[in-house]
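Visitor: Any chance you can model this:
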Amino acid sequence: MRILQYCCLLLFLTACKTEKKETEKVAPSETIETAVLLSEEETKGNALLDKSITAHGGMDAWKSFAGLEYNLSDNGKMVYQLTQLKDRRAYLKSKKYEVGFDGIVAWAKPDAQEVSGKSSAFYYNLDFYFIGVPFLLKDPGVHAFYDGQTVVNDKTYETLKITFGKGVGLTPEDVYYLYIDPNTHLLEILTYSISYFDKESAPVNSAKVYSDYQNVQGLMMPHQMENFEWKDGQMGKSKNHLRLFSDIRFLSVIPDEGLFEVPDGAITEEL
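Guide: Numbering: from 1, shown residues only. This is a model prediction of the structure:
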């Protein structure tokens, strides 16, 4: 009889432990995720950014490709540029230099003296980022805020303010303003600060005007950008810095990913 009672007690205790474990597995506190509350300005900003991305061809189309290549005439200097869209490795080549990013370090061969800012880390994705807007503004840590309507040169634009979270990219202190055509939702003007060389004092004092949009494999891509002075919300005179993009092509496969690797004799920069 005592043996039977002991067995019954063991079965009861085991059942209680099993029931407790089952209860612990479905504890509500472990399954409910905390909602992130956005301000009204950020909610409206995200909606406007989505409209602009759709007008430029849509995020699904952008993500369907592995790479982007083009030839760039930068004030008459020709540069071939190739970027891997998934991980942002890059390769650039002109008559005087090669520049790249292998996913860890930026590099230049023979050195970076001929490139913008004399820095391969600054230069390797400079033009790609400008031509990749607005798609790249969906990267993690990028925040879009609606900044109202703005009149520039007698035209009214819908305006986005773009900021970056701490640790996002090399220059999270940068601020961008996008001026979007209210009818087409295409990006026409981008004003920005550059804090790469001076993080303490980097005012928004440059404007880039986008034009000559053409459909490239289902995506609207600008083929011309011109820099202008910008002060107190007003566009000034041209800085005589013109970028012309040609032979823009999206790639489903990158034929030679060895181009991104650091070649012998290159000078590297840690990011």
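Visitor: Kindly provide the distance from residue 174 to residue 205.
Guide: 13 Å (Cβ to Cβ, to the nearest Å). Just so you know, the C-beta spots here come from the backbone N, C-alpha and C atoms, and that holds for glycine as well.
Visitor: Neighbour count: those two, which is higher?
Guide: Taking neighbours as other Cβ atoms under 10 Å, residue 174 and residue 205 compare with residue 174 leading, 19 against 14.
Visitor: got the contact list for the closest residue to residue 233 other than its chain neighbours?
Guide: Excluding the flanking residues, the one nearest residue 233 by Cβ to Cβ, 6 or more residues apart in numbering is residue 150, at 7.1 Å. Going by Cβ atoms under 8 Å, 6 or more residues apart in numbering, residue 150 touches 156-157, 159, 179, 233.
Visitor: Mutual contacts of residue 174 and residue 205, please.
Guide: residue 193.
Visitor: helix, strand or coil for the residue nearest to residue 233?
Guide: Per DSSP: H, G, I helix; E, B strand; the rest coil, the secondary structure class of residue 150 is strand.
Visitor: now it, which residues is it bridged with?
Guide: Beta bridges link residue 150 to residue 157 when assigned by DSSP bridges.
Visitor: Which pLDDT value goes with it?
Guide: If you check residue 150, the pLDDT there is 96.
Visitor: do the one 5 residues further on as well
Guide: Confidence at residue 155, expressed as pLDDT, is 95.
Visitor: Counting neighbours, what do you get for it?
Guide: By the criterion of other Cβ under 10 Å, residue 155 has 12 neighbours.
Visitor: Begin at 547, not 1, for the rest of this chat.
Guide: OK, 547 is where the count begins now, so the last one is residue 701.
Visitor: Please tell me how far it sits from residue 796.
Guide: Going from residue 701 to residue 796 by Cβ to Cβ gives 30 Å.
Visitor: repeat for residue 706
Guide: 25 Å.
Visitor: quick one: low-confidence ranges for the stretch 697-817 of the chain?
Guide: For the stretch 697-817 of the chain, the stretches with pLDDT under 70 are 712-718, 740-748.
Visitor: Swap in 50 and give it another go.
Guide: The model of the stretch 697-817 of the chain has pLDDT under 50 over residues 743, 745, 747.
Visitor: Verify the contact between residue 806 and residue 645 for me.
Guide: No. Judged on Cβ atoms under 8 Å, residue 806 makes no contact with residue 645 at a distance of 10.9 Å.
Visitor: what's the overlap in contacts for the two?
Guide: 636-637.
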